[in-house]
Structures are given as C-alpha cells and as structure tokens.
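Asker: Kindly generate the corresponding structure for this input.
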Amino acid sequence: MSAFPRLGSLALAAIGSLVLSSCGKSSSAGAAASDGKARVVTTVAMIGDVVGQIGGERVKVENLIGEGVDPHLYKPTASDVKKLQAADIVFYNGLMLEGKMTDIFVKIAGSGKPVHAVTDSIREQGSYVMSVSPEHYDPHVWMDVTGWTNAAGDIAGSLAKFDPAHEAEYKERAATYTAELKKLDDYARTSLASIPEKQRVLVTAHDAFNYMARAYGLEVRGIQGISTESEAGLKDINQLVDFIVARQIPAVFVESSVPRKSVEALVEGAKAKGHQVKIGGELFSDAMGTAGTYEGTYIGMIDHNVTLITRALGGNAPEKGLNGKLK
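Answerer: The predicted structure follows:
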C-alpha cells in the first residue's frame with residue numbers, strides 16, 4: 001500500500017514541493033505543445049474520456065492504463081514516467097484507486113506540474129465517499145453517474161485554471177456533456193428499477209459496484225473486496241453460493257479486468273446444490289471497453305452495464321441500450 005493512501009491534489013502538491021526529485025521540470029503550468037494543444041495524461045480511460053469531452057480540440061489526451069487492465073494492481077512503467085514528465089497537466093482518480101502510483105504522482109507534483117485527483121470535490125462532500133475502513137476509501141465513484149458528474153466539474157475547473165483564455169469553451173462543453181450524463185442517470189434509474197425487487201441483487205467478481213448499488217437501489221455482493229489485491233477464499237465462495245441458492249439469484253456477472261474463475265466457481269457451486277444460475281455477461285468495472293467503440297466511452301460503459309444487468313436480472317431495457325449503440 002502507498003505511504004500516502006488518502007491524499008488529494010492539494011496534499012500531493014504540498015508534499016511534492018518537499019520531495020522535488022529527479023523527475024525534473026519538463027513542463028510548466030499554462031504551457032502547451034507546439035500544436036497548441038495541452039498535453040494531458042490520465043490514469044484510467046473513464047477520466048481520459050471526460051477530459052476529451054470537455055477539453056475538445058484544446059487538449060491531446062494520453063491514457064496510461066488500458067482496456068482490461070486492473071488499476072488496483074498497475075505499476076507505472078519507465079515509459080509512463082516519461083509521459084507524466086512530458087505532460088502539461090495530469091489527472092488521476094484518487095481514493096487509492098491507483099495505489100501503486102502515488103509516489104510518482106508526488107514526485108511529478110513536486111516538479112511544479114498540475115496534478116489533479118478528480119475526486120477532490122467529491123471527498124469534500126463528507127458522507128458521499130464510501131469507505132470500508134478509516135484508512136480505505138472505495139474509489140469506484142464512476143459507477144454512480146451523479147458522482148462522476150461532479151468529477152467532470154472538477155476536470156472542467158482544472159482545465160479552465162490551466163488555460164483561462166479558453167475558460168468559456170470548457171464551461172460550454174462541460175454543460176453539454178453534463179446534460180448527456182443526466183440522461184444516462186435517468187436511464188439507469190428507470191431501467192434498474194424495472195428489475196423485480198427480490199432480484200435486484202448484483203453478484204460480481206469484486207466490490208466495484210457499491211456506488212451504483214447505493215444510487216440505484218441494488219444489493220451488491222462481490223467475491224473479492226473493493227481492491228483486487230485481496231484473494232477470495234473457499235469460505236467466501238461457499239458463503240456466496242449459499243446466498244445465491246437461498247435468494248434464487250438468476251444471474252451473476254464477470255468483469256472485463258478481473259479473472260472469471262471465481263465467478264465460474266459460483267455457477268458450479270450453485271449447480272451442485274440444484275440451482276441454475278447463469279453468467280449474465282461481462283461488466284466493465286475498473287476499465288472501459290475497446291478505445292474507439294461506444295463501450296470505450298464513459299457513457300457507453302455505463303449504458304452497457306445498466307442494460308446488461310437489467311436484462312439479465314429480469315428487468316426491462318432496450319437491447320441496444322440508451323442510445324441504440326450497444327453491440
């Protein structure tokens with residue numbers, strides 16, 4: 001675990017100034033590349049997509065952690081460090097999602113570069129952020145569209161501060177994007193509410209869906225904890241099998257960035273006890289779909305998850321989702 005598990009942007013900047021190191025000063029705030037675009041480096045694609053939506057042609061976004069890669073376990077490479085050093089501005093999730101990257105964020109912030117946790121304002125809302133212990137936040141805020149709308153506001157504010165000459169553009173694009181997120185939030189609320197009440201139980205590989213559950217009225221059970229660093233034991237599997245059988249849960253779900261063997265063990269365990277439970281499909285939890293596809297956008301990711309969960313658990317949602325774009 002990082003030595004700085006619960007720090008936000010301001011704390012990183014303060015500590016970074018004390019540990020200014022070999023990272024050097026490759027770029028300064030307010031600077032831009034020769035093409036006029038600000039070079040933005042993000043950790044996960046959920047952030048990179050929002051930066052691109054709000055920054056538009058003013059930014060060039062490069063994401064470090066790709067499709068199907070688990071950010072809980074990701075360690076930055078030498079190439080990543082060079083990209084961070086060359087960036088004009090850096091965005092990361094915070095709340096310990098990128099727990100193995102905190103030290104490099106501290107060093108990059110120490111070079112004077114703006115380094116922002118997009119969950120800073122969310123964390124200031126007191127009880128909104130979920131925790132499993134005083135030292136462990138649940139970082140999966142993007143699963144609640146309202147929560148991620150706040151993150152989009154943080155991103156818009158940070159871009160405007162970095163590039164005040166184009167503040168009006170960032171605000172306009174943020175307002176347009178926020179309206180799209182409102183439609184997505186309404187769709188999620190309506191679709192998931194159509195699942196028969198006793199079947200509103202989401203069983204997945206790890207606890208990435210607690211914010212979704214709280215926002216949209218689901219009960220959630222994960223085989224692993226909120227971080228995939230923990231290992232599921234036989235006792236955990238057996239207890240969850242008993243739960244699935246007792247509640248007659250019709251479907252469980254695998255995740256794109258987590259091995260599926262534990263979920264398959266649930267299916268076999270339930271079958272041995274006379275209950276047929278199916279794998280309802282593959283959810284995007286800590287990573288989005290393939291870049292360049294609808295599922296490779298934040299809206300497409302959540303649309304995919306909501307539509308898949310709703311239909312697999314007996315609710316009503318169109319096969320192609322909110323915007324008719326799902327594969």
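
Asker: So which residues of the stretch 151-300 of the chain form helices?
Answerer: 167-193, 210-216, 234-247, 261-272, 298-312 (DSSP state H, counting those that start in this stretch).

Asker: which secondary structure elements does the last one contact?
Answerer: Put plainly, it is helix 298-312. helix 45-55, helix 167-193, strand 251-255, strand 278-283 (3 or more Cβ pairs under 8 Å, 6 or more residues apart in numbering; DSSP states H and E). (Glycine included, C-beta is placed from N, CA and C.)

Asker: and among those, the most buried is which?
Answerer: helix 45-55 (a mean of 25; mean count of other Cβ atoms under 10 Å).

Asker: Can you give me the buried ones in the helix or strand just after that helix?
Answerer: Per DSSP states H and E, the first helix or strand lying C-terminal to helix 45-55 is strand 59-63. Within strand 59-63, the residues scored as buried using 16 or more other Cβ atoms under 10 Å are 59-61, 63.

Asker: Output strand 59-63 as CSV, nothing but the C-alphas.
Answerer: Provided in CSV are the C-alpha atoms of strand 59-63 (Å, rounded to 0.1, in the frame of the first residue of the first chain):
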residue,chain,number,x,y,z
VAL,A,59,-6.3,19.0,-25.5
LYS,A,60,-4.4,15.9,-26.5
VAL,A,61,-5.2,13.1,-24.1
GLU,A,62,-3.0,10.1,-23.4
ASN,A,63,-4.2,7.4,-21.1
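
Asker: what angle do it and helix 45-55 make?
Answerer: 180 degrees (axes from the mean of the first three to the mean of the last three Cα atoms, to 10 degrees).

Asker: still on that earlier bit, would you turn the helices and strands packed on helix 298-312 into TSV with distance to Asn305 and mean pLDDT?
Answerer: Listed next are the helices and strands packed on helix 298-312 as TSV, based on distance: least, Cβ to Cβ, whole Å; pLDDT from 0 to 100:
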stretch	distance to Asn305	mean pLDDT
helix 45-55	12	98
helix 167-193	9	98
strand 251-255	9	95
strand 278-283	5	96
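
Asker: Arrange these in TSV, one row each, with distance to Asp242 as further columns.
Answerer: TSV is the format used below for the helices and strands packed on helix 298-312 (distance: least, Cβ to Cβ, whole Å):
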stretch	distance to Asp242
helix 45-55	34
helix 167-193	25
strand 251-255	14
strand 278-283	18
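
Asker: Of all those, which one is nearest Ser133?
Answerer: strand 251-255 (22.8 Å; Cβ to Cβ).

Asker: contact partners of the closest one?
Answerer: 202-206, 208, 244, 260, 263-264, 266-267, 277-286, 308-309, 312-313 (Cβ atoms under 8 Å, 6 or more residues apart in numbering).

Asker: Drop anything exposed from these.
Answerer: Members of the contacts of strand 251-255 classed as buried by 16+ other Cβ under 10 Å are 202-206, 208, 244, 263, 266-267, 277, 280-286, 308-309, 312-313.

Asker: sorry, back to before: nearest to Glu295 among the buried residues of strand 59-63?
Answerer: Of the buried residues of strand 59-63, the one sitting nearest to Glu295 (Cβ to Cβ) turns out to be Asn63, at 15.2 Å.

Asker: The closest one bridge partners, please.
Answerer: Thr42 (DSSP bridges).

Asker: sorry, back to before: tell me which of the helices and strands packed on helix 298-312 approaches Ile104 most closely.
Answerer: Nearest of those to Ile104, taken as Cβ to Cβ: helix 45-55 at 16.3 Å.

Asker: where does the stretch 101-250 of the chain have low pLDDT?
Answerer: Along the stretch 101-250 of the chain, segments meeting pLDDT under 70 span 225-232.

Asker: what's next to stretch 161-174, contact-wise?
Answerer: 29-30, 32, 38, 53-56, 58, 88-89, 114, 152-153, 155-156, 159-160.

Asker: Which of these fall in strands?
Answerer: Among the contacts of stretch 161-174, the ones falling in strands (DSSP state E) are 38, 89.

Asker: Counting neighbours, which of the contacts of stretch 161-174 end up buried?
Answerer: Judged by 16+ other Cβ under 10 Å, buried ones among the contacts of stretch 161-174: 32, 38, 53-55, 58, 88-89, 114, 152-153, 155-156, 159-160.
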